[in-house]
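Participant: quick check, what structure comes out for this input:
(one chain, ligands or ions: 1)
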Amino acid sequence: MTTIQHWINGTLTSGATTQPVFNPATGAEQARVVLGGNAEIDAAVQAASAAFETWSESSLTQRTQVMFNFRQLLVEHEEELGRIISAEHGKTVDDARGEITRGREVVEFACGLGDVLKGSFSDQVSRGVDVHNFRQPLGVVAGITPFNFPAMVPLWMHPIAIATGNTFILKPSERDPSAANFVAELYKRAGLPDGVFNVVHGGKDAVDAILTHPGIEAVSFVGSTPIAKYVHEQATAHGKRVQALGGAKNHAVVLPDADLEFAANHITAGAYGSAGERCMAVSVAVAVGDAADALVDVLKRKANEVKVGPGDAEGTEMGPLVTKAAQERVENAVGTAQAQGATVVVDGRGLKIEGHEEGFFTGPSLLDHVTTEMEAYREELFGPVLAIVRAESLDQAIDLINANPYGNGTALFTGSGEAARRFQRRIKVGMIGINVPVPVPMSYYSFGGWKDSLIGDNPIHGPEGIRFYTRPKVVTTRWPQPKQQVTAGFTFPTSS
Ligand code: NAD
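Facilitator: Numbers count the residues shown, from 1 in each chain. Next comes the predicted model:
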């Protein structure tokens with residue numbers, strides 16, 4: 001059986017403790033992954049600190065060239081990387097290719113480094129005095145990432161960190177760790193010097209070692225809200241800069257004037273795509289006024305049409321959940337919802353896929369008459385369960401969403417520009433789709449929610465990524481003429 005090792009200073013590094021990595025479609029253990037702690041993080045910090053000395057001095061041209069090479073390798077190996085992701089995560093190969101494409105767009109943004117890293121210059125701020133600014137890298141930075149996007153979420157971080165001159169330690173999810181090592185090899189082939197990109201596998205021990213290591217300047221985290229809060233608290237207490245993106249409960253509001261077939265189509269894909277294991281998954285549909293009954297009918301038909309199967313099988317639209325525990329948690333949540341008074345319109349529990357009876361499958365579930373007190377509404381289920389909540393008006397729907405502790409994404413389906421404008425201005429959510437169910441991350445904009453979906457105030461990638469991974473310097477310069485007499489006053493200097 002393969003053991004997935006750390007990648008430190010450009011080479012695979014073994015470890016004593018391991019844990020299993022499963023194939024979610026068969027339920028079988030297919031590999032083991034090493035679990036790092038203080039020693040491995042320290043070894044990675046040593047390698048990354050040494051590499052920082054030269055990498056931070058490399059030219060913009062050299063860094064840009066590495067990013068272009070890396071981008072090309074991601075294109076050439078998209079299918080291979082997609083299959084690696086699908087085999088450990090369970091999502092379809094096409095879906096995995098989609099996340100690689102989105103991640104690659106961040107590399108493309110980083111290829112424009114020469115433009116985005118330009119400073120500014122002010123001529124003659126005082127007589128004979130100019131001011132300019134520029135930004136410098138922080139040093140060794142780390143990323144801690146979730147299982148649901150093993151390629152894309154790390155790609156939100158490391159291309160920008162590395163392009164701006166930092167060196168990077170990735171602690172990927174221990175549930176699907178292989179994509180990180182594959183990316184490390186692509187970086188090496190792209191010409192990135194050893195030690196600039198490192199991977200340390202593991203769980204809480206590795207995370208705690210990152211949060212407390214004095215050699216790490218900044219931590220980027222994406223995962224569930226309780227861990228995001230913990231990471232933010234610990235990392236800031238240890239003097240680090242932190243980005244901490246948390247969980248979600250994303251609502252799609254459907255107004256009576258919407259095209260119901262169109263809305264239901266997109267909500268179905270947004271709810272059940274990737275088995276609902278997306279931070280931007282639609283988990284609540286808010287049906288407004290008399291849209292409700294007709295919407296439920298269409299959603300029911302579409303949920304029953306979703307093709308569930310192994311992620312690498314032709315025609316599969318939805319794969320299994322990532323672990324047995326996730327499958328049990330999601331199926332129990334459907335039972336709890338029923339016990340609390342919700343109507344189970346489509347029941348995905350107990351689904352068996354022929355030839356894959358031990359796989360972690362559950363079918364799409366559709367719950368109607370869900371209220372805001374029910375667990376199915378309050379908890380992030382992170383599975384293929386869509387809850388329908390009914391509201392009397394758009395304003396009531398907005399109030400309901402604003403009262404929810406999460407604020408990652410939301411969508412409105414309508415034919416009314418006035419309603420769309422009111423919605424996007426009043427809603428307390430970071431990313432909004434108008435007739436778009438999953439407002440996806442665009443690499444040249446920042447990405448991050450509000451409230452419990454983003455702890456602290458640092459969104460990720462785009463211009464925010466450049467800002468996060470660098471510090472500004474402002475330089476005030478005077479070049480007096482030889483022997484020029486300049487009076488140095490004792491009062492606080494002002495411009496003249
Ligand atoms: P998770 O919080 O369980 O794990 C995230 C990372 O934290 C992993 O690397 C894991 O090893 C580590 N970790 C887990 N438990 C820990 C602990 N007790 N102490 C220290 N570290 C710990 O999240 P997950 O299940 O891998 O991913 C799903 C979650 O991520 C969902 O809540 C989803 O909404 C969220 N997510 C959010 C975004 C976003 O952009 N806001 C994007 C993707 C995923």
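Participant: spatially central residue in the protein, please.
Facilitator: Nearest to the centroid of the C-alpha atoms of the chain, with distances taken as Cα atoms, centre = their mean, sits Val153, at 4.0 Å.
Participant: what's the strand or helix carrying that one packed up against?
Facilitator: Per DSSP states H and E: Val153 is located in helix 152-163. Contact partners of helix 152-163 among helices and strands, from 3 or more Cβ pairs under 8 Å, 6 or more residues apart in numbering; DSSP states H and E: helix 60-76, helix 93-111, strand 140-144, strand 167-171, helix 178-189, strand 218-222, helix 462-468. For every residue, glycine as well, the C-beta is placed using N, CA and C.
Participant: would TSV of the ones you listed with mean pLDDT and mean neighbour count be doable?
Facilitator: Converted to TSV, the helices and strands packed on helix 152-163 look like this (pLDDT from 0 to 100; neighbours: other Cβ atoms under 10 Å):
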stretch	mean pLDDT	mean neighbour count
helix 60-76	98	17
helix 93-111	97	22
strand 140-144	99	28
strand 167-171	99	29
helix 178-189	98	21
strand 218-222	98	27
helix 462-468	96	20
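Participant: out of the ones you listed, which gets nearest to Glu357?
Facilitator: Counting by Cβ to Cβ, Glu357 lies closest to helix 93-111 out of the helices and strands packed on helix 152-163; the figure is 21.9 Å.
Participant: what are the phi and psi angles of Arg478?
Facilitator: In this entry, Arg478 is assigned phi and psi values of phi -130, psi 130 (degrees, to the nearest 10).
Participant: need the three-state assignment for the residue in the stretch 1-150 of the chain that the ligand sits nearest to.
Facilitator: Nearest residue of the stretch 1-150 of the chain to the ligand (Cβ to the nearest ligand atom) works out as Pro146 at 3.0 Å. On the three-state scheme (DSSP: H, G, I helix; E, B strand; the rest coil), Pro146 is labelled coil.
Participant: the residue nearest to the centre of the chain touches Pro146, doesn't it?
Facilitator: Yes. Contact between Val153 and Pro146 holds when scored by Cβ atoms under 8 Å: they sit 6.2 Å apart.
Participant: overlap of the contact sets of the two?
Facilitator: Val222 (Cβ atoms under 8 Å, 6 or more residues apart in numbering).
Participant: so who does the residue nearest to the centre of the chain touch?
Facilitator: Going by Cβ under 8 Å, 6+ apart, Val153 touches Gly103, Thr145, Pro146, Val222.
Participant: ok, Pro320 next?
Facilitator: 24-25, 90, 275, 310-311, 327, 353, 356, 359-362.
Participant: so what does it look like in phi/psi?
Facilitator: Backbone torsions for Pro320, taken as degrees, to the nearest 10, come to phi -80, psi 170.
Participant: could you measure from it over to Ala419?
Facilitator: 38 Å (Cβ to Cβ, to the nearest Å).
Participant: what's the neighbour count on Thr491?
Facilitator: Neighbour count of Thr491, defined by other Cβ atoms under 10 Å: 5.
Participant: and Asn332, by the same measure?
Facilitator: Counted by other Cβ under 10 Å, the residues lying close to Asn332 total 13.
Participant: run through who's touching the helix or strand harbouring it.
Facilitator: Under DSSP H and E, the secondary-structure element containing Asn332 is helix 324-339. Counting by Cβ under 8 Å, 6+ apart, the neighbours of helix 324-339 from elsewhere in the structure are 22, 27, 276-277, 320-321, 344, 347-350, 360-362, 365, 367, 370, 374-376, 379, 381-385, 387.
Participant: can you select the buried ones from those in ChimeraX?
Facilitator: The ChimeraX command for the buried members of the contacts of helix 324-339 (criterion: 16 or more other Cβ atoms under 10 Å) is given here:
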select :22,27,276,277,320,321,344,347,348,349,360,361,362,365,367,370,374,376,381,382,383,384,385,387
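Participant: the contacts of helix 324-339: which ones sit near the ligand?
Facilitator: The subset of the contacts of helix 324-339 within reach of the ligand, counting by Cβ under 6 Å from any ligand atom, consists of Phe382.
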